[in-house]
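Chemist: Could you work out the structure for the sequence below:
(chains A and B)
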Amino acid sequence: MNAPVTSFDAVSVTLLPPVARFNLRIDPKDLSAAASAFGLTLPTKIGEGAQNGDRAAYCMGPDEWLLHAAESDQQAIVSAFDKVRATTPHSLVVISDRELTLSIKGPAAAELLSVGCPIDLSRLPIGGAKRTVFDYAQVVLIRDAEEAFRLEVWRSYMPHVQGILEIATREFAAGY
Amino acid sequence: MLLIHCPYCDDTLPELEFAYAGEAHIVRPEDPSKLSDEEWRDFLFIRTNVKGVHAERWRHINGCGRFFNALRDTVSDRFLTTYKAGEARPDMTQLEAAE
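Modeler: Prediction:
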């Protein structure tokens, strides 16, 4: 599954290499403790993201964050949060292997996503992320640029999501 | 498709992200063993089934994951307002005055 899924001029869909992912649940009052453990100020508004080098944090819910880091940093981050646990209750779950990430890039990226995403993609800010659905599969949609998205999909939903994107890309390429 | 306002995300989003979760403001009895069978049956199964403005629970399951409450007109299917879980049911006369 490492080869590009499919692509043509207007949009390309590629499977990205693995990253370390974490699901963090913490009281928003204690956010500074999490920020110092992760080394990045966490955004406070749902849908917002923050990025610094290969570390990124996205606010998914009132007390829930999705954290991204380089795969090699995974154990170090778990240890850092373990130290915080003594003073600040929270839950940090490693979900690196739960999901796979697709990159969707090109002028037709938003149009391709609209095949399965019911939300108004023009309102998703650059650098922001949102948990939503893609044809009944729960996904996290991250916007990196005007025409670049990342789609985090649970492994078991991946064949379904990838299949739909592949068919849609072929239809786009055929001019529908 | 219905558009529903999530009070936690503070955003109006498509119905597909949400799940219905029954009537709102049903308080579980403090001590169920003291209830008669009829009272327990009423708590478990008997619902108001209103024609008109209905207070109901929804969950933003494919989003922030939170439960919240909504006032929906069961005749027109229009959402009048949504509010966070734990808050009191909004007064309809105030809502109408604000509109």
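
Chemist: all contacts plus neighbour counts: C-alpha atoms, from now on.
Modeler: Noted.

Chemist: so A:Asn52 bridges to which residues?
Modeler: On the basis of DSSP bridges, A:Asn52 is bridged to A:Arg55.

Chemist: what's the neighbour count on A:Arg21?
Modeler: A total of 23 residues lie near A:Arg21 under the criterion other Cα atoms under 10 Å in any protein chain shown.

Chemist: For residue 65, the count of nearby residues, please.
Modeler: Using chain A here. For A:Trp65, the neighbour count with other Cα under 10 Å is 23.

Chemist: that answer is for a different chain, and I need it for chain B
Modeler: The number of residues packed around B:Gly65, counting by other Cα under 10 Å, is 19.

Chemist: For chain B, which segments count as helices?
Modeler: Ranges of helices within chain B are B:37-45, B:92-98, based on DSSP state H.

Chemist: Same question for chain A.
Modeler: Using DSSP H, helices in chain A cover A:31-38, A:74-85, A:109-113, A:158-173.

Chemist: looking at those helices, which is buried most?
Modeler: The highest average neighbour count among these, using mean count of other Cα atoms under 10 Å in any protein chain shown, belongs to helix A:109-113 at a mean of 20.

Chemist: That one vs chain B: in contact?
Modeler: No - figure legend: helix A:109-113 not in contact with chain B (Cα under 8 Å from any Cα of the partner chain); closest approach 15.1 Å.

Chemist: Of the helices of chain A, which is nearest A:Arg25?
Modeler: Set against A:Arg25 and scored by Cα to Cα, these come closest in helix A:31-38, at 9.9 Å.

Chemist: Quick one: the helices of chain A as CSV, columns for mean pLDDT too.
Modeler: Formatted as CSV, these follow (pLDDT from 0 to 100):
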stretch, mean pLDDT
helix A:31-38, 94
helix A:74-85, 95
helix A:109-113, 93
helix A:158-173, 92
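
Chemist: need the residues of chain B near chain A, please.
Modeler: B:8-9, B:13-14, B:16-17, B:62-66.

Chemist: Including distance to B:Arg47, could the helices of chain A go into CSV?
Modeler: Below are those laid out as CSV (distance: least, Cα to Cα, whole Å):
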stretch, distance to B:Arg47
helix A:31-38, 41
helix A:74-85, 44
helix A:109-113, 40
helix A:158-173, 39
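
Chemist: Compare those helices and give me the one nearest B:Ser76.
Modeler: Across the helices of chain A, closest to B:Ser76 is helix A:109-113 (Cα to Cα), at 31.3 Å.

Chemist: Model confidence score at B:Asp37, please.
Modeler: Confidence at B:Asp37, expressed as pLDDT, is 95.

Chemist: Next, count neighbours for it.
Modeler: Using other Cα under 10 Å: B:Asp37 sits among 11 other residues.
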